[in-house]
Each structure stands twice: as C-alpha cells, then as structure tokens.
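J.: take a look and give me a structure for this.
(2 chains)
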Amino acid sequence: MKSIFDIITKQPIWIFVLICIIFFSFSSPFFFDLSNFTNILIQASTIGVIAIGMTFVMINGNIDLSVGATVALAASLAVGLQPQLGITGAVFVGLLSGVLIGGLNGIIAWKTGVDAFIVTLGAMIGVRGLVFIYTGEQSFYAHDLAYSDFGASSLFSVPVLALIFIFLIILSHLVLKYTIHGRNVFAVGGNRIAAKEAGIRVGPHMLVNFILIGFLAALSGVLLSTQMGASTPNLGRNYELWTITAVVLGGTRLTGGYGSIIGTFGGVLAIAILRNGMNLLQVPSFFVLIILGSILIIVLFIDKRFSEQQGHGVRA
Amino acid sequence: MSTQAEMTESTELSSEQKPLLRLKNVSKCFPGVKALSGVSLDVRAGEVHALLGENGAGKSTLMKILAGIYQPDEGEVILEEKLVHMSSPLEARDHGVLLIHQELSLVPDMTVAENVFLGNIPRFANMFVNNRHLNKRCEEILTRLNCKFKPTERLGNLSIANQQMVEIARALVFQPKVVVFDEPTASLTDYEKVVLFDVIRELREGGTGIVYISHRMDEIFELSDRISVLRDGTYQGSFDTPKTDIDEVTQRMIGRDLDSDIAHQPPELGVMALQVNGLGIEGLYSDISFDVYAGEVVGFYGLVGAGRTEVMETIFGLRKPDAGSVKVHGEELAINSPTDAIDQGLGLVPESRKEQGLVLGMSCKDNTTLANIIEFTKFGWVDTVAEKKVFEEYKEKLRIKCPGWEYSTLNLSGGNQQKVVIGKWLSTSPKILILDEPTRGIDVGSKSEIHHLIRELAKTGLAVIVVSSEMPEVLTVSDRIVAMYDGKITKCFDRSEVTEDTLIKAITGQSV
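T.: Numbering: from 1, shown residues only, chains lettered A, B, ... in the order given. Next comes the predicted model:
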C-alpha cells in the first residue's frame, strides 16, 4: 500500500492521466482503441523527445528555450539537403546542427556564467533567423518517398515513431537514475554550491545536458519532418513552452534538483491525451488551450500542497 | 610585537611534536574590513586545537583559509613541512584538510548515502552508480558515528542534528589528516553532543589533527588539548588547556571588561508608548503582557525558540494573534500588516539583516529610503537629491563607514550593514523601535558602537525594544529586562535588581 501512496504523492500527474483516459473512454466511442492510443503516442513523441532532454536540463537547474528553433533548423536541413547529400547525409547534418547549438549554449552558459535562460533566449531568436536565411522563407518537400515512408512505418504493427519515443524514455530513465552523470545532475540542481565543493564539475554536466537536449530537439525535428514529408521555417514555434509545460506537469521543479523521466512521460501523455480526447469530442482548439492552461496551474497547486505536507516545500 | 613573542613561546613548549599544519603570518582583507592580520597557528597530529574568539574575531575567515575557500592575501600555509597552496576546497580535500560546515552544504532531495558520497560516488563500469556499495559503505560510516537513520533516507527528512552527522560522515570518507569543526554542537542535543565528542576523540587517537571552533567554553575545556585565541583578526596567543582557565582565555578573547563601557543611568521616562496585553498565538506563545515607555530600552532575553521574535513579529503585523491586544500610545489598534505598523510609528530591525533587512544588491542610499520612499517622491518621481541628503545625514549620525551613497550594501561589513538597516527605520521617524538580535555576527568594535547608539536613541525619547540572546548585550543596553521561556514571560526585571544568576534561571524555566 505504501508504494501506491508513494506514486500518488510523487507522480500526481499519472492519476490525472488515468482520470483523463477513463473520462474520454466514456465520453467518446473512438477514444478507447489501440490505434487511437498509438496515435496519441505518435502525437506525444514530438514534444516528448524534447521533454526528455528538458528534464535533464531542468533538474540540473537550467532551462533551454532554443529547442523550438532547433526543431525547425534540423528539419529544414534534413529535408533541404537531401538532393545534395542523400537522406542519410542530410539527416546526419540535421542532427549535428542540434548537437552544435546545444554545445554552443552549454559552453556559453558554462564559461561566461550568463544565466541559461538568457543564453538560450538569444539562441532561440538567432537560430530562428538562421532558419529563415537558410530556407529563404520557403518550405521544403522530401522528393524521395522513402523519407516520409519511414515516418509512417511500423514494426510489429507498432509505429516506429512511437517505438523510438518509448525506447528513449526507458533509456533516459536508466541514465538519469543509475549513472554517475544522472546522480550529479540532481546534485548540481539541488545545491550547486554544495556540489561544487564536493568536487562535482558543474560545467561539464551542464554542457552534456545542453548537447543532449540539442540533439533530442534536432531528432524531434527530423522525426516530425518524416511525418509530414516536408519542413517549414515556422516549424516548432512555441515548442519550448509546450515542452516546459509537460516537464513541469510531470513534477520536475523549475528551480532544479527534483524530477523524473517517468513524471515527464506522464506530463507529455497528459497533454497529448487531452488534445486527442477533446479533438474527438470536437471541442474547438482554442478552448483546448484554455483548459490546458488551467490544468497546468491546478496540477502545480496540488503538487505544491502535497510537497508542503511532506515537508518538501519548506526550505529556502 | 607581543603576539610574536607569545607565538614563539608556545612553539618552543611543544618542540617534541612536529606540527602537522602550520599557518604563518596569514592576513586577509575584505572591502572595508581587515578580517585577519598576521595570524600564525599550528595544529599537531593527534590533538584537538580549539580556536576561540568572539563573533567577528576572524575565526570563520581563518577556517575558510584552512579549507581552501579563501586564499590569504599574505602569509603561508604549511602542511607536513611542505608549503601548500590550496585554491579550492577540493585541493584542500586532496591534501587531507576537511571542513565541517556550520551551515550545512547538503542536497536535501537526495538520499543520505548520496550526500555522504557527493562528488565521489562508488561506480561500476566507470559510468554507473554502484548503489549496493554506496549504501553499504555509508552504513559502515553511520555505524561508526552511532547514527540511527538509514543510508537510503531522504536527507531533507532528517533533523538538523542528523544532517550535521551526515556532514561529518562526508568528511570521514576521505580519511582526513586535519578536520576543522565549525561550531558543530550549535544544533545538537546533549546526547548527540556526547556521541560527537566520542567521534572527535576517536579521530584524535587515530592521529588526526582537529581544529575545533566554538565559543562554548565548557565544551572547549572538556575536549581540547590546546586553545588559541583570536580577537579582532589578530592572534592573541595559544594555551595548553590543562595549564589555563576560563578567566585567562576570556580576558584574552574580550580584551576588556564588558560592563564598564556604558555607565548605567536610570532613564527619564516619557509617555507609555506601547502596551501589550495578553497577546498569544496558539502553539507559539501565550499570555504576553508588557509595556514600554518613551525613553527607555526594554531587553527581551531568552533562549533561541523562546518565542521572542514571534512576539515582535506579531506586534509589527507580520503575524496574526489569536488573543490579546496591542495599544500604541494608549489607543488600541488593529495592526494587520507592516504598513499599518509603520503608519503607527513602529520600526523593526529584523533578526537576519541579509535576508530580511536589506536589499543587498541595492545601494546604501536606496536601502536607507526603502521603508518610506513615498516621502521622497514628487508627482510620482523619486527625488534623489532629497534621498542623498537623508542618507548623508544618517551616514554621519550613525557613523556608517562606506565609500559613498551609491555603494552596494553587499560589500559593507556586518556592523555597517546593520547601521544602514537602523538608518532605514530612523528615517521613518518612528516612536517605537524594535531591534531583533541587533549585533549578531558583528565585530566587537561595531557592537559597542551599536550599543551606544541604542542608548542614545532612547535618550532622544524613542521607545526601544532589544531582543537578544547574549546576556552581556542585554545587561549593557537595557533599562528593564523581560525574560522569556517556552512562549511565556517568566519575569520582568529592573536593571538594578537583576543578576546573571536570576536571569539564567528565568530563561531556563527554573523558578526564580
């Protein structure tokens, strides 16, 4: 029984996910259906893959606002360079761009000591500009159909995109929980001074996390473009906000030091299920935004109450 | 110089033992303060070396130099006959010098074991956390420390005392040569203290050099082999513990007779400024009644946690009382917020000036006008000329040492920071001023200046309340003393009738 109580207090978002599933199952005949569930997973994967990286970055006490722009850049490169480099080469360059942006963010934040919020805000604006220059404000289309076929393909009748997402969730959960890097990410975010004095090299851990989120944002952009068989320069707008929303819904603290991949997974699913379910109920999409915004605040309020009861909230 | 002579004397006495760690003529300056000047000290293997001094004497600075947190401006650190340069706590740790912090530097959301091995986690395959090994090794250390909690416990759930034990466990991981304890018993119960002393003695038997910083005399005499005294950043000599006594080291530590600096005169009482009747908050304090007249200083004395601060916060509108009333100048008033309190002519100089009293990043001038900025506005614009004038006025009156009005309060010494806070309240022209621990963490010189200031303020007709945990302070500044114990007033004394003995009894709940 203790473990159930533990889950409720540590992962309140999963309770919410359950409630949503039950609610939509009763109110829409199309919801409780395997193909709809894989659908939800595919919809969730775009934000979800970035949210994995954001969880690392936020537990570490930082934030990355440049992910949306990175999505657009990686997608544009991965589609736009296909005529010259072929699919593999173009995708590689797309992913590499994410790694470089993340690395640059990390290096600047580490070496200058400027707040990650500011550094990545600058990157968000600058990278978006880069996308417009590279694309000439044009959308690109993948002429090789193999590219969009990948986005629609399945393995053992499960969509590949959903499989990739689930695989990354499991892998990153293990890394966060069982590696030295994962442990130190918590230490740095929980008490940066203490970590530093204990000999943990704060900078390199930050850098690794920024590279990770850069790579994952680029991957998300590439996967998204395989779904559409195209890229647009406006791709990924507001993704940083949705990602942060999902991560925070999952119980990760904005101030760092606390959070989990399982929680983030719950947060991502909560958003995807709400959107999917309300779409099935034909709720106009603007109302969906209002509801999502309200839910974000309500869930965090409950979370705060819980943690105060646990004595978590009462520290400076 | 006399300090030099004493130093050589004490080293000669011990020529049979080679020092493990030695500081030579160490000096350290901070903006506006000379924290240490020409301090020399040696620590031998297998001894407990107590470092004694008042707040602001330079103990903390010295200890931070030992631990590599600060680097000395001048002087040398010699470890095992070799000159070492410790530019970070890590380097100090690698040299085997470990500091046990007074302020805990732990990560509350991680487990005990993770905290003990922070930065040093046992691994396998070089990449993964070896959880079994981590918890087993932690368990071994905890057993040695006689700790009852589990390595897997979340640190934030432990009591402060147990967190302190975790901090000590962390140091033991490194099998240190020198361990510096900074006020380790400040938050421990008597039983935990006995356990800690056993641990310290065990370390000493093992040949570790221990630097023990405290201002609790009984502990120092119980535990230490030698005592070194600091005063105002200068070295005042070392003593073999069995050959000295409390009087000798106290005299070195204080350097003068405490009570002599203010000759006490009965005040000229004005009108009754504040009358508190039956004030109480469930679970914090109850039935608090007292009054304060214009022109007098009332001292509130008691142990930490006796409820003094809470009473003052209630009067100032920061807490809502369950019972009782507060009358200001005979009128019963509902004070629901600090704004109301300020309107009624109250001012509160809070307990922790850095967290509550000052906006550290702001300039001295801006801090001075913080509480009544509205009086310095014209049509919504701040009149900086008037602001500067007021700041200069208080700078002179309170003898605030700072290079200029635009100077950030962050870089001022504790005493000058406190004066800025006091200036802030004086600029609101209060009738009643409450000072909560006004000289905590302030050096001796500024301390007596602030005491004089408090007396002068009362003479100008202000009603003053001083909350303090330091008996000499209460005895120095107060006309009357209110003793509190466990949320209740146990006795009110006139300055003339009080003795140290009765005061101690009153604040520890023994019948007077």
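J.: now do the helix or strand hosting A:Gly106: which elements does it pack against?
T.: Taking DSSP states H and E as the definition, A:Gly106 sits inside helix A:82-112. Here helix A:82-112 touches helix A:67-80, helix A:116-135, helix A:145-152, helix A:202-228, going by 3 or more C-beta pairs under 8 Å, 6 or more residues apart in numbering or on different chains; DSSP states H and E. Any C-beta I mention is one placed from the backbone N, CA and C, and that applies to glycine too.
J.: just the angle between the longest one and helix A:116-135, please?
T.: It stands for helix A:202-228. Counting by axes from the mean of the first three to the mean of the last three C-alpha atoms, to 10 degrees, helix A:202-228 lies at 40 degrees to helix A:116-135.
J.: pLDDT of the helix or strand following helix A:202-228, averaged?
T.: Note on helix A:202-228: by DSSP H and E, the next helix or strand toward the C-terminus is strand A:230-231. Mean pLDDT, strand A:230-231: 91.
J.: cool, stretch B:328-340 as well?
T.: Across stretch B:328-340, pLDDT averages out at 82.
J.: what sits closest to the residue nearest in space to the middle of chain B if chain neighbours are left out?
T.: With distances taken as C-alpha atoms, centre = their mean, B:Gly441 lies nearest the centre of chain B, 4.4 Å away. Leaving aside its sequence neighbours, B:Gly441 sits nearest to B:Gly414 (C-beta to C-beta, 6 or more residues apart in numbering or on different chains; 5.0 Å).
J.: can you count the residues close to the one you found?
T.: For B:Gly414, the neighbour count with other C-beta atoms under 10 Å in any protein chain shown is 19.
J.: what do you get for B:Ala125?
T.: Residues near B:Ala125, counting by other C-beta under 10 Å, number 7.
J.: now do it against B:Lys193, distance only.
T.: Taking C-beta to C-beta, to the nearest Å as the measure, B:Ala125 falls 43 Å from B:Lys193.
J.: thinking again about what came up before, confidence score at the residue nearest to B:Gly441?
T.: pLDDT at B:Gly414 comes out at 77.
J.: I figured it hits B:Pro438, correct?
T.: No - using C-beta atoms under 8 Å, B:Gly414 makes no contact with B:Pro438, being 10.8 Å away.
J.: what sits against the closest residue to chain B within the stretch 1-150 of chain A?
T.: The nearest approach of the stretch 1-150 of chain A to chain B comes at A:Ile59, 9.6 Å away (C-beta to the nearest C-beta). A:Ile59 sits next to A:176, A:185-186, A:189, A:252-253, A:256-259 when contact means C-beta atoms under 8 Å, 6 or more residues apart in numbering or on different chains.
J.: how about the residues of chain A near chain B?
T.: A:178-184, A:186-187, A:190-191, A:193-195, A:197-200, A:257-258, A:311-312, A:315 (C-beta under 8 Å from any C-beta of the partner chain).
J.: what distance separates the start and the end of stretch B:474-481?
T.: Stretch B:474-481 has an end-to-end distance of 7 Å (criterion: C-alpha to C-alpha, to the nearest Å).
J.: repeat for stretch B:225-241
T.: 5 Å.
J.: how does chain B divide into domains?
T.: As assigned by automatic domain parsing, chain B contains the domains B:2-96+B:176-257, B:107-173.
J.: I'd like these as TSV, with distance to B:Ile281 and mean pLDDT appended.
T.: Listed next are the domains of chain B as TSV, based on distance: least, C-beta to C-beta, whole Å; pLDDT from 0 to 100:
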stretch	distance to B:Ile281	mean pLDDT
domain B:2-96+B:176-257	24	79
domain B:107-173	23	86
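J.: ranges for the strands of the stretch 201-350 of chain B?
T.: B:209-213, B:226-231, B:234-240, B:272-281, B:285-293, B:297-302, B:323-328, B:331-332, B:346-349 (DSSP state E, counting those that start in this stretch).
J.: identify the residue spatially nearest to B:Gln236, adjacent ones excluded.
T.: Of all residues not flanking B:Gln236 in the chain, B:Val229 sits nearest, at 4.1 Å (C-beta to C-beta, 6+ apart).
J.: quick one: that neighbour from B:Asn131, how far?
T.: Relative to B:Asn131, and taking C-beta to C-beta, B:Val229 is found at 47 Å.
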